[in-house]
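Participant: Sequence first, then the predicted structure:
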Amino acid sequence: QVQLVESGGGLVQAGGSLRLSCAASGSTISNYNMGWFRQAPGTARELVAAITPSSMNTYYARSEKDRFTISRDNSKNTVYLEMNRLKPEDTAVYSCAAGKVEKGLFEYIYWGRGTQVTVSS
């Protein structure tokens, strides 16, 4: 079992920056793909960024590619999301998740509860 706890959210003005952290406990996440998701009220949850276990590959949603950076420190069992040039439309609850291939299919298995990010205009 992996427990994930996000931190670093808050209120920031448009154009500002935040660094989210996702701390894992219970087991190592070094073998898991990690993803950051967000969900705004009334919208579906969307994948913002993801990173492979060794950090060799990363994925970003198109609109975030030039502003967000995902990274991980397996020695600290922690994943980060650096968010720059924030926009009001980035306002959402941001959650991290750990996933791996199970029975031939990739699935995010463990989820954190999320941290609120609010960007004021």
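Facilitator: Alright, I've got the coordinates.
Participant: And the residue nearest the centre of the chain, how far from Thr58?
Facilitator: Closest residue to the average C-alpha location of the chain: Trp36 at 2.1 Å, with C-alpha atoms, centre = their mean. Separation of Trp36 from Thr58 (C-beta to C-beta, to the nearest Å): 11 Å. All C-beta atoms are positioned from the backbone trio N, CA, C, and that covers glycine.
Participant: For these two, list the residues in contact with both.
Facilitator: Residues touching both Trp36 and Thr58 by C-beta atoms under 8 Å, 6 or more residues apart in numbering: Ala49, Ala50, Ile70.
Participant: residue with max distance from the center of the chain?
Facilitator: Lys103 (24.5 Å).
Participant: can you give me the strands in the chain?
Facilitator: Counting by DSSP state E, the chain has strands at residues 3-7, 10-13, 18-25, 33-39, 46-51, 58-60, 68-73, 78-83, 92-102, 105-111, 115-120.
Participant: what stretches of this protein score poorly on pLDDT?
Facilitator: Along the chain, the model assigns pLDDT under 70 to no residue.
Participant: cutoff 80 now
Facilitator: Residue ranges of the chain with pLDDT under 80: 63.
Participant: Just list whatever residues bridge to the residue nearest to the centre of the chain.
Facilitator: Ala49, Cys96 (DSSP bridges).
Participant: give me every residue that touches it.
Facilitator: So Trp36 contacts 20, 22, 47-50, 68, 70, 79, 81, 94-97 (C-beta under 8 Å, 6+ apart).
Participant: now, the most widely separated pair of the residues you listed?
Facilitator: Phe68 and Ala97 (15.8 Å; C-beta to C-beta).
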